[in-house]
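Colleague: how does the following fold in three dimensions:
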Amino acid sequence: MTTPEFIEAAAGCEVIIAHRATPGDAAIFRALPELTAFLRCAVDISTVDVVAASAAGVVVARADKSFVASTAELAVGLLLDCARNISASTVDY
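Modeller: A predicted model of the protein is given here:
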């Protein structure tokens, strides 16, 4: 999605929860006066223009590394499911 398309889609929004690949260009913060927060679902905010966001009164935040443990637990759970046929057995039951 281009920046103009993004601005059009986000018109009227107060909070944006953005994918890690979505850049936070200065144009976004200038064009969306109702925006109060730009949240990045990634550890890195290097593609967010934090200076422009701050100038527009928009708070920029990012996800923490706390998802790493949850992802590892899910992976172990899915491995157990595959090894013991838990889901298949549940459906059969």
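Colleague: strands of the protein, start to end?
Modeller: Per DSSP state E, the chain carries strands over the ranges 15-18, 37-40, 59-62.
Colleague: return the most buried member of those.
Modeller: strand 37-40 (a mean of 19; mean count of other CB atoms under 10 Å). Backbone N, C-alpha and C define where each C-beta goes, glycine included.
Colleague: what pLDDT, on average, does that strand get?
Modeller: Mean pLDDT, strand 37-40: 93.
Colleague: partner strands of it and their direction?
Modeller: Note on strand 37-40: by DSSP bridges, its sheet partners are strand 15-18 (parallel), strand 59-62 (parallel).
Colleague: what mean pLDDT does stretch 61-73 have?
Modeller: What stretch 61-73 shows for mean pLDDT is 80.
Colleague: residues contacting T2?
Modeller: Contacts for T2 (CB atoms under 8 Å, 6 or more residues apart in numbering) come out as none.
Colleague: from Y93, how far off is it?
Modeller: 50 Å (CB to CB, to the nearest Å).
Colleague: can you count the residues close to C13?
Modeller: 14 (other CB atoms under 10 Å).
Colleague: could you chop the chain up by domain?
Modeller: 1-62, 65-93 (automatic domain parsing).
Colleague: now the helices for the chain?
Modeller: Here the chain has its helices, by DSSP state H, at 3-9, 26-31, 50-55, 67-84, 86-92.
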